[in-house]
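Peer 1: Sequence plus predicted model, see below.
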2 protein chains.
Amino acid sequence: MRISELSTATGVSVASIKYYLREGLLPEGQRTSATQATYGEDHRRRLGVIRALVDSGVGIAATRRVLAALDAPLAGTNDLLGEVHGAITPEVEATPDLDAAEAFARRVGWEPGACDPQVLAGLARALQNLDRAGFALSDDVVDAYADAAQRIATAELAGVPTDSPEAAVRYVVLGSVLMEPVLLALRRVAEQVASGRRFGGAAGAGR
Amino acid sequence: MRISELSTATGVSVASIKYYLREGLLPEGQRTSATQATYGEDHRRRLGVIRALVDSGVGIAATRRVLAALDAPLAGTNDLLGEVHGAITPEVEATPDLDAAEAFARRVGWEPGACDPQVLAGLARALQNLDRAGFALSDDVVDAYADAAQRIATAELAGVPTDSPEAAVRYVVLGSVLMEPVLLALRRVAEQVASGRRFGGAAGAGR
């Protein structure tokens, strides 16, 4: 198909497609003349992935790394996870104090050494921000979060497809990234539902 | 204290403090001369909150809305949650199809009507991105996520302080926003730990 047809098929504007081509996120089409190229099913699929990542708030540079992980000759699931988490974890200027994050991990039964330093730094930074804002975590809330994270990770890891290496890579890479907005959205929904139940007068009801 | 002392006390640069003053996020200090002002404990605390929000990835406009919610004469917990979630939910250009989000909510036993339309739209958008990327959710994973969100929300709502209205507002507003990066970081840690257990060769071990 031509670029205009690819645009119609995916809902992505021609200008954005050209941008992704220039940035090397989307491979070139097959040239049919000096000014035209045709695009296939692979392009359509790849464009869907790019759009999903960008719309999930993943920046262009991180999207490039995530796509590279998707294309990589099969690395182990662990290495893939590390690479993908590294791509989407915001850079931290100063390395935060890891002690709090390590203590937190140990408290909920996780061995911090089993975890990439950058990911641990992301946890440390999030905990540091709570501290900066003077927000204290209760034990019950810590337990609920740790338990929730563990259940999710267990269910997700159990679901890694075993039928093909490509399917496994796709699942790990895309699942790691694209489920984050789902998780945040679900917590917001659950908070509003729980708040409506506890305090009555459902937020936004009747709007 | 003077602005330079406020900077030292909080680790926020004088330039950033001036920016927050100009943007109206931080109230003016008490003028002591045409070019000097003094700042108190309230400023120090407020600056900690601003810094925590900004560092958590909340933009300036959203930070202003979150701070306004923090300062508001006590509204109900529901209204506060709606306002805060509205402030931090990314704007969606086109309203996504809410059917999938509503079906998802009902499937896990939540009444979609108990939930702010914008928050539901955030869930719809996240689900739409999975779909765009051709990523299918298994029932087990959906259940784990819904269950996790529900446990978290229940624990958090149970912890709303009852000793003062100000403490309750602070808890709801800051907890809603600042726990999001904690949740994402914990999922990443849990995934790496679970992956190390399942597939061996802990990611990043020994680094």
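Peer 2: Here it is on my side, so go on.
Peer 1: Other residues contacting stretch A:144-152?
Peer 2: A:107-109, A:183, B:141, B:144-145, B:147-149, B:151-152, B:154-156, B:179, B:182-183, B:186-187, B:189-190, B:194 (CB atoms under 8 Å, 6 or more residues apart in numbering or on different chains). No exception for glycine: its C-beta is placed from N, CA and C like everyone else's.
Peer 1: cutoff 6 Å now
Peer 2: Stretch A:144-152 is touched from outside by A:108, B:144, B:148, B:151-152, B:155, B:186-187, B:190, with contacts defined as CB atoms under 6 Å, 6 or more residues apart in numbering or on different chains.
Peer 1: now swap in stretch A:50-68 and tell me
Peer 2: Outside of stretch A:50-68, the residues that reach it under the criterion CB under 6 Å, 6+ apart are A:12, A:20, A:25, A:87-88, A:177-178, A:181, B:129, B:132-133.
Peer 1: Pull the number of nearby residues for A:Leu32.
Peer 2: If you look again at residue A:32, you'll see it is Thr, not Leu. Under the neighbour criterion other CB atoms under 10 Å in any protein chain shown, A:Thr32 is assigned a count of 10.
Peer 1: before we move on, back to that, Serialize the contacts of stretch A:144-152 to JSON lines and add fields for neighbour count, pLDDT and distance to B:Val58.
Peer 2: Supplementary listing: these in JSON lines, determined by neighbours: other CB atoms under 10 Å in any protein chain shown; pLDDT from 0 to 100; distance: CB to CB, whole Å:
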{"residue": "A:Val108", "neighbour count": "17", "pLDDT": "83", "distance to B:Val58": "26"}
{"residue": "B:Ala144", "neighbour count": "21", "pLDDT": "92", "distance to B:Val58": "28"}
{"residue": "B:Ala148", "neighbour count": "26", "pLDDT": "94", "distance to B:Val58": "23"}
{"residue": "B:Arg151", "neighbour count": "17", "pLDDT": "93", "distance to B:Val58": "25"}
{"residue": "B:Ile152", "neighbour count": "24", "pLDDT": "94", "distance to B:Val58": "20"}
{"residue": "B:Ala155", "neighbour count": "20", "pLDDT": "92", "distance to B:Val58": "23"}
{"residue": "B:Leu186", "neighbour count": "29", "pLDDT": "93", "distance to B:Val58": "19"}
{"residue": "B:Arg187", "neighbour count": "25", "pLDDT": "93", "distance to B:Val58": "19"}
{"residue": "B:Ala190", "neighbour count": "26", "pLDDT": "91", "distance to B:Val58": "24"}
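Peer 1: Among the residues you listed, which lie within strands?
Peer 2: Counting by DSSP state E, none of the members of those fall within strands.
Peer 1: possible to save those as JSON lines with distance to B:Asp79?
Peer 2: As requested, the contacts of stretch A:144-152 are exported to JSON lines (distance: CB to CB, whole Å):
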{"residue": "A:Val108", "distance to B:Asp79": "33"}
{"residue": "B:Ala144", "distance to B:Asp79": "31"}
{"residue": "B:Ala148", "distance to B:Asp79": "26"}
{"residue": "B:Arg151", "distance to B:Asp79": "24"}
{"residue": "B:Ile152", "distance to B:Asp79": "21"}
{"residue": "B:Ala155", "distance to B:Asp79": "22"}
{"residue": "B:Leu186", "distance to B:Asp79": "28"}
{"residue": "B:Arg187", "distance to B:Asp79": "29"}
{"residue": "B:Ala190", "distance to B:Asp79": "33"}
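Peer 1: Restricted to helices, list the residues you listed.
Peer 2: Cross-referencing these against helices under DSSP state H gives B:144, B:148, B:151-152, B:155, B:186-187, B:190.
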